[in-house]
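S.K.: have a look at this fold, sequence not included:
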C-alpha cells in the first residue's frame with residue numbers, strides 16, 4: 001500500500017493506493033491466419049516484383065513457397081515488419 005501526503009501552507013491531504021500485480025499471462029498458441037492475402041501480380045520477364053502478405057499465428061508461422069506444386073529452390077530474403085512479411 002502506498003500513502004501519499006500533499007501539503008501546502010493551508011493544510012494537508014492524504015491519499016492511499018493499493019497496487020495489485022497480476023502474473024504475466026502468455027498468449028495461447030494459435031494456428032496461422034491470413035489477415036492480408038497475396039494478390040495476383042503481372043510483370044514482364046526480368047522485372048522485379050514486391051509481394052506482401054500479413055499472416056498471424058503463435059509461434060510465428062514459417063513460409064514455404066511452391067510453384068506448380070514444385071518446391072522453390074532459390075533462396076529469397078524475407079523481411080518482417082511487425083506482422084508484414086515482404087520478399
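M.R.: That came in fine, so what should we check first? Everything quoted here is computed from the prediction, not taken from an experiment.
S.K.: residue contacts, residue 12?
M.R.: By C-beta atoms under 8 Å, 6 or more residues apart in numbering, the residues touching residue 12 are 5, 6. C-betas here are computed from N, CA, C, even on glycine.
S.K.: tell me the pLDDT of it.
M.R.: Here the pLDDT value assigned to residue 12 is 94.
S.K.: also residue 52?
M.R.: pLDDT at residue 52 comes out at 81.
S.K.: in the sheet, who's paired with it?
M.R.: On the basis of DSSP bridges, residue 52 is bridged to residue 86.
S.K.: in this structure it contacts residue 36, no?
M.R.: Yes. Using C-beta atoms under 8 Å, residue 52 is in contact with residue 36, at 7.3 Å.
S.K.: which SS state does residue 33 fall under?
M.R.: Following DSSP: H, G, I helix; E, B strand; the rest coil, the label given to residue 33 is strand.
S.K.: correct me, but it touches residue 54?
M.R.: No. Using C-beta under 8 Å as the test, residue 33 is too far from residue 54 to be in contact (9.2 Å).
S.K.: quick one: which of those two has more around it?
M.R.: Between residue 33 and residue 54, counted using other C-beta atoms under 10 Å, the more crowded position is residue 54 (13 against 10).
S.K.: how far away is that one from residue 29?
M.R.: Separation of residue 54 from residue 29 (C-beta to C-beta, to the nearest Å) stands at 19 Å.
S.K.: what of residue 2?
M.R.: From residue 2 to residue 29 the distance is 37 Å (C-beta to C-beta).
S.K.: please apply the same query to residue 61.
M.R.: As judged by C-beta to C-beta, residue 61 and residue 29 stand 11 Å apart.
S.K.: could you check which of those two has the larger neighbour count?
M.R.: The neighbour comparison of residue 61 against residue 29 (other C-beta under 10 Å) goes to residue 61, with 15 against 8.
S.K.: okay, and for this protein, where does confidence drop off?
M.R.: 65-87 (pLDDT under 70).
S.K.: what segments of it are helices?
M.R.: Secondary structure of the chain (DSSP state H): no helices present.
S.K.: now the strands for it?
M.R.: Here the chain has its strands, by DSSP state E, at 2-8, 11-17, 30-36, 52-58, 66-67, 70-71, 79-81, 84-86.
S.K.: brilliant, that's me finished.
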